[in-house]
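Asks: just coords:
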Ligand SMILES: [Zn+2]
């Protein structure tokens, strides 16, 4: 029954695929069907990958142990040209048999957890608990499962498929792995990109961009009584925060801002020498993001001037504050719509497997290609998960976890084209 529905749906998928004219996916392609069967039958293998990779700590900027292991596992699957690039991304190739579009599928190697975090995987019923088990060891396991199934079933794709475990997806990493791949090492070589990130069966088709800054007001500081009358960095910070809090942003496209961390001061009776804050702003629209950024930059300078102008006299003149803005991270966004063929292909592939997916916006590795105009999506790796980025993170495969890797494999096959 499932197989019949799958065949019928594959026919639909073939008709709907954007590159159908160049690379039709035969509705009854036995190799693709066999790959999907292998994924389901060998679900325990996929789970094993997920658990074993989770046990290898992979803090931000320290992904090399997990990268080395990931490389070994891709090599063991018989993929070609398996390498670690100069920023630490692991890349393997499965050459196409024709000149079809190239497809990259990736999970990210890094976690948000610092070195020393206990990464023991604990099982409770069918739920696995461990930091990173879903985000993104699920994605890494799915990428391996897709590669293995295409290999075992000898699926012939027209275009080359790249299997990747990349570095720097999380916060401070600032998408450095993807930036290096798309802007330098493999610039112009990838036609479609799929990020498998965390659990579930959702699609992120739109990229939420973000700008993050560490802002510091600096001055000489001094005694709160003895040096009174000089500009105060913490007061300047307060002026800035009060004005930021009053910024108006559109509800659609959703645009946000936040002062997330404030620092400064040594004692109640000191004028601090510095006052600093971390500011974050996000939007899925480039223009709205740039607008809120410009407003915040203006506010930061106005607060500086207001605090410096507040105090007069020779003493105050020698104690003028300065403003330093350091960039924590810039994640670009782009204008990909849900009508994009890659999004439609993913929605149709879900239908082909008997479930309905939906689209949304998020901030992932797919931001980089989307900002460059390269079709890209983030999909969930199946199963269910929660508490990502927390020590209580969990993943439950349930009875349908295999749908995640099946879905990923079907999307890859449809985009690369199959003989
Ligand atoms: Zn992630």
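Replies: Everything's here; your move. Computed from a predicted model, the values in this text were never measured in an experiment.

Asks: and residue 155, that's in a strand?
Replies: No. Residue 155 sits outside any strand when classified using DSSP: H, G, I helix; E, B strand; the rest coil, being coil.

Asks: Tell me the confidence at the residue lying closest to it once chain neighbours are set aside?
Replies: Residue nearest to residue 155 in three dimensions, not counting chain neighbours: residue 31, with 4.4 Å by CB to CB, 6 or more residues apart in numbering. For every residue, glycine as well, the C-beta is placed using N, CA and C. The per-residue pLDDT reported for residue 31 equals 96.

Asks: How much space separates residue 31 from residue 158?
Replies: 13 Å (CB to CB, to the nearest Å).

Asks: list the residues that contact both of those two?
Replies: In terms of CB atoms under 8 Å, 6 or more residues apart in numbering, residue 31 and residue 158 are both contacted by the residues residue 418.

Asks: what comes up buried for the lengthiest helix in the chain?
Replies: Scanning the chain for the helix with the most residues, using DSSP state H, yields helix 286-310. For helix 286-310, the neighbour count (16 or more other CB atoms under 10 Å) marks 286, 288-289, 291-293, 295-296, 299-300, 303-304, 307-308 as buried.

Asks: Please list all residues in contact with the residue most central in space within the chain.
Replies: In the chain, the C-alpha nearest the mean C-alpha coordinate belongs to residue 364, at 2.0 Å (CA atoms, centre = their mean). Contact analysis of residue 364 by CB under 8 Å, 6+ apart lists 169, 195, 197, 204, 207, 378.

Asks: right, and out of these, which lies closest to the ion?
Replies: Among those, residue 197 lies closest to the ion (CB to the ion), at 4.2 Å.

Asks: and that closest one, what does it touch?
Replies: 107-108, 135-136, 139, 169, 364-365, 378-381.

Asks: Residue 107 versus that one, what's the distance?
Replies: Distance from residue 197 to residue 107, by CB to CB: 7 Å.

Asks: and for those two, which residues touch both?
Replies: 136, 139, 381.

Asks: What is the subsequent helix or strand relative to the lowest-mean-pLDDT helix or strand in the chain?
Replies: Every helix and strand of the chain was ranked by mean pLDDT, DSSP states H and E. The lowest is helix 2-16, at a mean of 45. Downstream of helix 2-16, the first helix or strand assigned by DSSP states H and E is helix 30-41.

Asks: helices or strands up against that next one?
Replies: Contacting helix 30-41 under the criterion 3 or more CB pairs under 8 Å, 6 or more residues apart in numbering; DSSP states H and E are the following elements: helix 2-16, helix 137-152, helix 403-416.

Asks: buried sites along it?
Replies: 31-33, 35-40.

Asks: re the thing from before, who wins on neighbours among the shared contacts of residue 197 and residue 107?
Replies: residue 139 (34 neighbours; other CB atoms under 10 Å).

Asks: what's the burial count for the nearest residue to that one once chain neighbours are set aside?
Replies: Nearest in space to residue 139, with sequence neighbours left out and distances taken as CB to CB, 6+ apart, is residue 107 at 3.0 Å. By other CB under 10 Å, the residues close to residue 107 number 30.

Asks: And the average pLDDT for whichever strand or helix holds residue 107 is what?
Replies: Residue 107 is part of strand 103-108 when elements are defined by DSSP H and E. Predicted confidence along strand 103-108 averages 98 (mean pLDDT).
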